[in-house]
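J.: can you look at this prediction? I've put the sequence above it.
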Amino acid sequence: MYNIKAAAKILDMPKVTIRSWETRYNAITPARTESGHRLYSDQNLEDLKWLKIQVQDNGMKISEAVKKLHTSRKQFITTPADLSLNDNSKYSEQINQLFQAAAEMDTERFNYLLDLHFSLFHHQTVFFSIIAPLMIRIGEAWEDGIISVAHEHMITHIVQQRFNQFFRVFPTSSNLPKVMALSPSGEQHQLGLLLFTLFLRENGFSVVYIGPDTPLDGLEEMVVKHNFKIMCLSIASPALMEVANQYMDTLSQAKPEMQFILGGQGVKAKSGENNRWHLGTDLKVWQKWLTDQKF
């Protein structure tokens, strides 16, 4: 939460403008301290940022921008329980616009569209129903020779920056087990791993994100020394399942109480088999798993 001075600095807006948009146009509803001082959430700042873009860059009247903001939110905000990685039918227009900006390497428009979507939709909707299917489409376009490796790397970098921004937002609890997230050597895909890491962070877990193509060497010492109790592994290729099993067997010997969460199309394991969980790509399944655990 931010006071109005901090909000004004972050947004590069006069405090009087923020107050005016709040009181005259009902643009946002900040929280209040016991003494009556305003406290602005991250969502409040995203809303104000979007309104500022509409007014300054697009020449829209503030009253029209506020109306559009509220109307769009009523129409499109999706509850987290409705989401899965395949839930993209409602957002084809948003996905198409981002894909076009990516194909043209128009990073300014790509970032603008992401800002717009994060201001209109719940962040889980953006990550699961817009960014996830977009990245799948980007990968398919690269495989088909429609876009270059440079395109794919550029968009991946921008998207990972967005994940990193949200990773820093959510507070963590020292009462929950410490988590490490990675993909084993040879595995470059990381979208599902990023999404699950975001889910854990949002639920208070301290997660160290190592990323794709992580060698086994040194992990034994790391998990023991820093008391990691859960490891998330993402496997897109079935050919790498043997490598993943080697990681889990080795780390289980080093730390017998270690739990492993497996995700990705390459996983060949039953959910809840020994100390290994296969949770798939559905947020409902993730939430059920979390509810069933006794952390």
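T.: Noted; the coordinates are in hand. Numbering: from 1, shown residues only.
J.: surely Val126 meets Phe118?
T.: Yes - the criterion here is CB atoms under 8 Å, and Val126 meets it with Phe118 at 5.5 Å. Using the backbone N, CA and C atoms, a C-beta is placed for each residue, glycine as well.
J.: out of the helices and strands in this protein, which is least certain?
T.: The weakest-scoring helix or strand in the chain, judged by mean pLDDT, DSSP states H and E, is helix 62-76 (a mean of 70).
J.: pLDDT weak spots in the stretch 151-295 of the chain?
T.: Across the stretch 151-295 of the chain, the ranges flagged by pLDDT under 70 are 268-273.
J.: where do the strands sit along it?
T.: For the stretch 151-295 of the chain, strands defined by DSSP state E, counting those that start in this stretch occupy the ranges 178-184, 207-214, 228-234, 259-263, 276-278.
J.: report the distance from the last one to the chain centre.
T.: Just to be clear, that refers to strand 276-278. 21 Å (CA atoms, centre = their mean, to the nearest Å).
J.: next one: the first one
T.: How far strand 178-184 lies from its chain's middle: 16 Å, per CA atoms, centre = their mean.
J.: show residues contacting it.
T.: With CB atoms under 8 Å, 6 or more residues apart in numbering as the test, strand 178-184 has contacts from 189-190, 193, 196-197, 200, 205-214, 216, 222-223, 226-235, 240, 243-244, 247.
J.: given that strand, what are its sheet partners and their directions?
T.: Strand 178-184 pairs in its sheet with strand 207-214 (parallel), strand 228-234 (parallel), by DSSP bridges.
J.: in the longest one, what's buried?
T.: Within strand 207-214, the residues that count as buried by 16 or more other CB atoms under 10 Å are Val207, Tyr209, Ile210, Pro212, Thr214.
J.: now for the residues you listed: which two are most distant?
T.: Val207 and Pro212 (15.3 Å; CB to CB).
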